[in-house]
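J.: Provide a 3D model corresponding to the input given below.
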Amino acid sequence: MNRLNVTIIQNNWQQVLPQLGVFDAIFFNEIDLEVLVDTHRPKKFGNLLVQSGKDLNAKVTALFPQITTLRYTEADIDGLFQIVGRSSSKAFTTFLTELKENGQISHEQYTSTLLKYGLQPSFPRMKDPMLEFLEAVLPHMQKGSRFSCFASFAVSLFENPDFFASIITHPDLLYTETWMSIDVPENCSYYKGTKALLMRVEKVNN
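T.: Residues are numbered from 1 along each chain as shown. As a prediction, this is how the structure comes out:
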């Protein structure tokens, strides 16, 4: 059925969004469901690992208040590993990567420490596509505009540290989520739960 007041733009949002105006309502649909399912479990683990890294950072900061400006020697790194690294090598590697990115250790120190303790490199996490789109579309929302998304995973976004920091704590946004009971068909291969999450973000201030 043709609708005279609907304009269809055939392109990806990264290309066309900068040229578009303000929207009253925005709905985001993650269409790459196979990728979502394949990465869902690692993503949950990654969130837990990030939280462990934050806990580790807090612990080390308490021990060494000058942490944000300190340049670390090999002896310093060895001492930190003995104190906190043995209990969580993955979190320690995440912390070590942060030190390298902050310029507090050199690339040579980073690689030599990984080799010395048999650690695996910590790679940056890929950004969630829904969050990436939401952050990009916020300038195209005015007071009263609403963004919604039907999540294909049964995990509250209050438990997502990136979404919590960027959206839920944003002073100009109001976040709500609703759990819905659903009847999943037997031939559905990408969702096996009996509940689904409907999330909504409303802009309450310009």
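J.: ok now stretch 21-30, how far from the chain's centre?
T.: On the basis of CA atoms, centre = their mean, to the nearest Å, stretch 21-30 sits 20 Å off its chain's mean C-alpha point.
J.: That stretch - what's its average pLDDT?
T.: In this model, stretch 21-30 has a mean pLDDT of 88.
J.: Against residue 141, how distant is the residue nearest the centre of the chain?
T.: The centre of the chain sits closest to residue 162, judged by CA atoms, centre = their mean, with a distance of 3.9 Å. According to CB to CB, to the nearest Å, residue 162 and residue 141 sit 19 Å apart. No exception for glycine: its C-beta is placed from N, CA and C like everyone else's.
J.: what about residue 165, how many residues close to it?
T.: 10 (other CB atoms under 10 Å).
J.: which ones are touching it?
T.: If you count contacts by CB atoms under 8 Å, 6 or more residues apart in numbering, residue 165 has none.
J.: Next secondary structure element downstream of the lowest-mean-pLDDT helix or strand in the chain?
T.: The weakest-scoring helix or strand in the chain, judged by mean pLDDT, DSSP states H and E, is helix 33-63 (a mean of 47). Later in the chain than helix 33-63, the nearest helix or strand by DSSP states H and E is helix 74-80.
J.: Return the residues in contact with residue 172.
T.: Contact analysis of residue 172 by CB under 8 Å, 6+ apart lists 203, 204, 205, 206.
J.: which residues in the chain form strands?
T.: 23-28, 141-151, 173-181, 195-203 (DSSP state E).
J.: between the ones you listed, which one is nearest to residue 70?
T.: Nearest to residue 70, of all the strands of the chain, is strand 173-181, at 35.8 Å by CB to CB.
J.: hmm, back to that, can you pick out the most distant pair from the contacts of residue 172?
T.: 204 and 206 (9.2 Å).
J.: Among the two, which residue is more densely surrounded?
T.: Using other CB under 10 Å as the criterion, residue 204 and residue 206 rank with residue 204 on top: 13 against 9.
J.: Now do the domain split for the protein, please.
T.: Residue ranges for the domains of the chain, per automatic domain parsing: 13-30+127-203, 48-117.
J.: In a markdown table, list those domains along with distance to residue 7.
T.: What follows is the domains of the chain, written out as a markdown table (distance: least, CB to CB, whole Å):
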| stretch | distance to residue 7 |
| --- | --- |
| domain 13-30+127-203 | 10 |
| domain 48-117 | 40 |
